[in-house]
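**Q** Here you go, sequence then predicted model.
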Amino acid sequence: MNNYKLLIQYDGTNYSGWQIQSNAVSVQQKIVDAIEVILKEKVNLIGSGRTDTGVHALGQVGNFRTESELDLYRFRFSLNSILPNDISILKMEKVDESFHARFDAKNRSYIYLFCDHKSPFYNSYSYYFPSFSKLDTDYLNEISKKLLGLHDFTSYSRKNTEIEDKTCEVNEIIWHRGKTISTFYISANRFMHGMVRTIIGTILFVAENKLGENYLLEVLKEKNREAADESVPAKGLFLFKVRY
C-alpha cells in the first residue's frame, strides 16, 4: 500500500472546519472528493488535527493510502486544478506506509493576527482590535508564561464530553507587535477545540483589566469553560506548522 503525505493550505472562511460533517461543508470533504475523482476509488484522508469553523491553515498536514503508484507532480497538479481556489496542496510526497498525520505529530503551532486599524484588505484574516496598541507586549509575554508546561485546559476549551483528557503541554507563547499587523504565536503537543482562541481572549482580558498574572492559573484550576473569557474571532487564526 502506498502512503502519500500532503502539505495543505486553506482559507477556512467558507468551511465548517477541517473535519468531515454530515450537514456542513468541510475542507477534508473537499479534498477527499477531489482525490476520489482522480483515483476513482474511496480514500481515507487523515489530518494532523481539526481546525474549527472559519479557522485557516498555512501548514495543515494530511495523508492517504492507495494501491496506486502516483506521479507526484501530475497528481498534485490535477488535485489543485479540481480543488476550489481557497484550498491548495503545496507539497506532496510518498512516505512510509506506517506514517499517520495525526498520531505521529509531535508539535503543532498556531498564529493569530491582529490589525491596528480597520482595513478592507486585512479584514478577512485578522482581528481589528484597536485596544491592542495600548497593551504592553512585554507584559503579555510575561503573564503568558503561566500557561507554559503541562496543564489541564478544560477551562480554555469548548465543552466536549467525548474527550475526557484535556491535558496539553504548551511549549511556547510569543506576542509580537508589528507596524500594522501584530501576532500571537503558540505551540503545544496538542490542542483542544476552541483552546487557542479562548487563551488569547482571556490573556487580553487580563491585560486590559490589569488582573495580574495569577488570574490565568486560577482559570486553569476552575476546570470550567465559564471561568475563562470570550474567544477572539476565528478569522484571525491560522494553523501554522505541524512538526514530526
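**A** Sure, I can see it.
**Q** can I see the domain layout of the chain?
**A** Domain assignment of the chain by automatic domain parsing yields the ranges 2-95, 107-243.
**Q** The closest residue to Gly212 other than its chain neighbours and Ser182: what is the separation?
**A** Sequence neighbours aside, Val206 is the residue nearest to Gly212 in space, at 7.4 Å (criterion: Cβ to Cβ, 6 or more residues apart in numbering). The C-beta positions use only the backbone N, C-alpha and C, and glycine is treated the same way. Going from Val206 to Ser182 by Cβ to Cβ, to the nearest Å gives 17 Å.
**Q** ok, and the closest non-adjacent residue to Ala228?
**A** In this structure, Ala228 finds its nearest non-sequential neighbour in Thr202, 4.7 Å apart by Cβ to Cβ, 6+ apart.
**Q** So for Ala101, which of the domains of the chain sits nearest?
**A** domain 2-95 (4.5 Å; Cβ to Cβ).
**Q** Which strand or helix spans the spatially most central residue of the chain?
**A** Against the mean C-alpha coordinate of the chain, by Cα atoms, centre = their mean, the closest residue is Leu239 at 3.3 Å. For Leu239, the enclosing helix or strand under DSSP states H and E is strand 237-243.
**Q** wait, isn't Glu67 in contact with Tyr4?
**A** No - using Cβ atoms under 8 Å, Glu67 makes no contact with Tyr4, being 11.9 Å away.
**Q** These two: which is more packed in?
**A** Per other Cβ atoms under 10 Å, whichever of Glu67 and Tyr4 has more neighbours is Tyr4, with 22 against 8.
**Q** Is it correct that that one is in contact with Leu70?
**A** Yes - look at Tyr4 against Leu70 with Cβ under 8 Å: they come within range, at 6.5 Å.
**Q** joint contacts of these two?
**A** Shared contacts of Tyr4 and Leu70 (Cβ atoms under 8 Å, 6 or more residues apart in numbering): Lys94.
**Q** coming back round to it: and for the residue nearest to the centre of the chain, nearest residue in space, chain neighbours not counted?
**A** Distances taken as Cβ to Cβ, 6+ apart put Ala57 closest to Leu239, at 4.1 Å, once the chain neighbours are dropped.
**Q** Over to Asp116?
**A** Residue nearest to Asp116 in three dimensions, not counting chain neighbours: Ser133, with 5.2 Å by Cβ to Cβ, 6+ apart.
**Q** What of Val32?
**A** Val32's closest residue in space is Leu45 (Cβ to Cβ, 6+ apart), at 4.9 Å.
**Q** List the contacts of the one you found.
**A** Residues counted as contacts of Leu45 (Cβ under 8 Å, 6+ apart) are Gln28, Ile31, Val32, Ile35, Gly62, Asn63, Phe64.
**Q** Make CSV out of these and add secondary structure, distance to Ser155 and neighbour count.
**A** Formatted as CSV, the contacts of Leu45 follow (DSSP: H, G, I helix; E, B strand; the rest coil; distance: Cβ to Cβ, whole Å; neighbours: other Cβ atoms under 10 Å):
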residue, secondary structure, distance to Ser155, neighbour count
Gln28, helix, 28, 22
Ile31, helix, 33, 26
Val32, helix, 34, 18
Ile35, helix, 39, 24
Gly62, strand, 30, 23
Asn63, strand, 33, 20
Phe64, strand, 36, 19
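**Q** pLDDT for these - can I get that in JSON lines?
**A** Formatted as JSON lines, those follow (pLDDT from 0 to 100):
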{"residue": "Gln28", "pLDDT": "98"}
{"residue": "Ile31", "pLDDT": "98"}
{"residue": "Val32", "pLDDT": "98"}
{"residue": "Ile35", "pLDDT": "98"}
{"residue": "Gly62", "pLDDT": "98"}
{"residue": "Asn63", "pLDDT": "98"}
{"residue": "Phe64", "pLDDT": "98"}
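**Q** on contacts alone, who are the packing partners of the lengthiest helix in the chain?
**A** When the chain is parsed with DSSP state H, its longest helix is helix 195-209. With contacts taken as 3 or more Cβ pairs under 8 Å, 6 or more residues apart in numbering; DSSP states H and E, helix 195-209 sits against strand 107-115, helix 137-144, strand 181-188, helix 214-222.
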